[in-house]
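> here's my sequence, what's the structure:
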Amino acid sequence: METTKHAKTSTYVIVFVALAIVTGVEVFLGQNLPGAAKLIVLLALALVKALLVAMIFMHLKYDSKTYRWFLIFPIFMALLLTVIVIIHYSTF
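Have a look, this model is predicted:
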């Protein structure tokens, strides 16, 4: 049976703290930025958090490169949806 490499416990703690900090920044900026800027910044921060979770907690960083290629399509679709939301939001 093949074993897979995992992150150290300290890496999980660091990522957890980073996620908590980014969430705090999102809450602060969500209350203090104007509409269009808020949307762009919050979507970018959400993407950062999603990538951290996928790479560390879902172990994609330590899996084969094949799994990373399967991540490209959902990331492309998320970026496309983000652009559509920004365009729609900016027309109001």
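
> give the contact list for the closest residue to Ser90 other than its chain neighbours.
Closest residue to Ser90 apart from its sequence neighbours, by CB to CB, 6 or more residues apart in numbering: Ala36 at 5.7 Å. Yep, even glycine has a C-beta here, placed from its N, CA and C like the rest. Taking CB atoms under 8 Å, 6 or more residues apart in numbering, we find Ala36 in contact with 86, 89-90.

> kindly report the same for Gln31.
Taking CB under 8 Å, 6+ apart, we find Gln31 in contact with no residue.

> in which helix or strand would I find it?
helix 9-32 (DSSP states H and E).

> in that helix, what's buried?
15, 19, 26 (16 or more other CB atoms under 10 Å).

> looking at it, the first one is touching Ile56, isn't it?
Just to be clear, that refers to Val15. Yes: between Val15 and Ile56 there is a contact under CB atoms under 8 Å: 4.7 Å.

> so for stretch 60-72, what gets flagged as buried?
Neighbour-count burial for stretch 60-72, with 16+ other CB under 10 Å as criterion, is recorded at Leu60.

> now the helix or strand hosting Ala44, how far from the chain's geometric center?
Ala44 belongs to helix 35-52 when elements are defined using DSSP H and E. A distance of 8 Å separates the centroid of the chain from that of helix 35-52, by CA atoms, centre = their mean, to the nearest Å.

> what's the answer for stretch 15-24, then?
Remark: stretch 15-24 is offset 11 Å from the chain centroid, using CA atoms, centre = their mean.

> then stretch 54-63?
13 Å.

> and what of stretch 16-28?
Taking mean C-alpha positions (CA atoms, centre = their mean), stretch 16-28 and its chain are 12 Å apart.

> in PDB, could you pull the C-alpha coordinates for it?
Output of stretch 16-28 as PDB, limited to C-alpha atoms (Å, rounded to 0.1, in the frame of the first residue of the first chain):
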ATOM      1  CA  PHE A  16      -5.700  27.900   9.800                       C
ATOM      2  CA  VAL A  17      -4.400  31.200  11.200                       C
ATOM      3  CA  ALA A  18      -4.000  32.600   7.600                       C
ATOM      4  CA  LEU A  19      -7.600  31.700   6.900                       C
ATOM      5  CA  ALA A  20      -8.800  33.300  10.100                       C
ATOM      6  CA  ILE A  21      -6.800  36.500   9.200                       C
ATOM      7  CA  VAL A  22      -8.100  36.600   5.700                       C
ATOM      8  CA  THR A  23     -11.700  36.100   7.000                       C
ATOM      9  CA  GLY A  24     -11.100  39.100   9.400                       C
ATOM     10  CA  VAL A  25      -9.800  41.200   6.500                       C
ATOM     11  CA  GLU A  26     -12.900  40.200   4.500                       C
ATOM     12  CA  VAL A  27     -15.300  41.300   7.300                       C
ATOM     13  CA  PHE A  28     -13.400  44.600   7.700                       C
END
